[in-house]
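Trainee: model this:
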Amino acid sequence: MVRLNFPSYAFRFKSRENKMLVFDIIRKKYVILTPEEWVRQHCLHFLIEEKKYPPGRTLVERQLKVATLDKRMDIAVCDPKGKIQLLVECKAPEVILNQKVFDQIARYNWEARADLLMVTNGINHFYCRMDYEKGEYLFLPELPLYTEIY
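Mentor: Numbering: from 1, shown residues only. Just a heads-up that it's a prediction; the model follows:
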């Protein structure tokens, strides 16, 4: 797998039926290691180890109803009351983070109403804070620590 723009983390791998698997620390199981999964696993470690987001409030690949369609959120972190606080969209490193990707997380957030959004392909990361009263968003230079939002 390609080197990503995240700190180095200790991952657990295994092989099964000629497929490489990586251990997901949230789902507590091995999952197939695809380029997007490589980014997702780095992002999970980043959120938990660097930004101190609580693993117990972190959701991975959960269903989200968008209008009449069932979609899957890559990563979401909830506040103590269960409201999604942070919504993350992960893409494979070769995927360009263009308007289509930002439109995707915006559609998901129409339902989720998260305060913070993150879009990453493992190389480039974008963070923003939503202001629903003003109908605006503000790009942030970095994602706040969990303790900075509570």
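Trainee: For the worst-scoring helix or strand of the chain on mean pLDDT, which residues meet the burial criterion?
Mentor: For the chain, counting by mean pLDDT, DSSP states H and E, strand 58-66 ranks last in confidence among helices and strands (a mean of 80). For strand 58-66, burial by neighbour count (16 or more other CB atoms under 10 Å) applies to Thr58, Leu59, Val60, Glu61, Leu64. Placement of C-beta: from N, CA and C, glycine included.
Trainee: what's the following helix or strand after that strand?
Mentor: Downstream of strand 58-66, the next assigned helix or strand under DSSP states H and E is strand 69-78.
Trainee: Partner strands of the helix or strand following that next one and their direction?
Mentor: Where DSSP H and E defines the elements, the next helix or strand beyond strand 69-78 is strand 84-90. Here strand 84-90 is paired, per DSSP bridges, with strand 69-78 (antiparallel), strand 116-120 (parallel).
Trainee: how much distance is there from the longest one to the middle of the chain?
Mentor: Relative to the chain's own centre, strand 69-78 is displaced by 9 Å; criterion: CA atoms, centre = their mean, to the nearest Å.
Trainee: Quick one: residues in contact with that strand.
Mentor: 40, 43-44, 47, 53-54, 57-65, 84-90, 107-108, 112, 114, 146 (CB atoms under 8 Å, 6 or more residues apart in numbering).
Trainee: Just name whatever secondary elements the longest helix along the chain is in contact with.
Mentor: Identified as the longest helix of the chain according to DSSP state H is helix 99-112. With contacts defined as 3 or more CB pairs under 8 Å, 6 or more residues apart in numbering; DSSP states H and E, helix 99-112 has these neighbours: strand 58-66, strand 69-78, strand 84-90, strand 116-120.
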